[in-house]
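> Coordinates only, no sequence provided:
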C-alpha cells in the first residue's frame, strides 16, 4: 500500500491554500482589470465606429447641401441672365421707340419748314408776278386789288398742284 507522509499532505494543503489565496487576491482582480480593459476597448471601438458613421452622415449631408447650393447658384445665375436679357431687350425697344419719335418729330419739323419755305416762295413769286402784271398793265392798282389778284393767283396755282 501507499504510504502517505505528513509532509506531502502539508505540501498539498499549502499548495491548495496558496492557490486559493492567489485566486482570491491575484487572479480575480487581474481578471476584473482585464475585463474592464476589454470593456473599455470595446466601448472605445463602438464610440469610434459611431463617430465614423456620424462623420460619414455629416459628409453626405454637406455634399447634398453643396449640390443643392450649386444648383441654386446655377438657377440664380440663369435667372439673372434672363432678367438681364429682358432688360436689354426692353431698353433696346425703348431706344428704338425714342429714335422713332425723334425721327417723326424731325420729319414734322422738316415738313413744317418745307411748307414755310413753299409759302415764302409762293409769296415772293406772287409779288414778282404782281409787279410784272403791273408793268404789263402799265398802272399800279391799289392794295385791295393786289390782294384780290394775289388770292386768285394762289388759288389757281394751288388747284394746278
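Noted; the coordinates are in hand. Since this is a predicted model, take the numbers as computed values, not measurements. Numbers count the residues shown, from 1 in each chain.
> Please identify the helix or strand for the residue most central in space within the chain.
By Cα atoms, centre = their mean, the chain has its centre lying nearest to residue 80, at 3.0 Å. Per DSSP states H and E, residue 80 falls inside helix 28-137.
> what helices or strands is that helix leaning on?
helix 143-160 (3 or more Cβ pairs under 8 Å, 6 or more residues apart in numbering; DSSP states H and E). (Each C-beta comes from the backbone N, C-alpha and C, glycine too.)
> what's the average pLDDT for the helix it packs on?
Averaging pLDDT along helix 143-160 gives 68.
> what does stretch 65-82 give?
93.
> Same question for stretch 91-110.
93.
> going forward, begin numbering at 12 instead of 1
I'll keep to 12 as the first residue from here, and by that count the last item is stretch 102-121.
> And residue 56, how far from residue 47?
Using Cβ to Cβ, to the nearest Å, residue 56 is found at 15 Å from residue 47.
> does residue 14 count as helix, strand or coil?
With DSSP: H, G, I helix; E, B strand; the rest coil as the basis, residue 14 sits in coil.
> Tell me, how many residues neighbour it?
Other residues within reach of residue 14, judged by other Cβ atoms under 10 Å, total 5.
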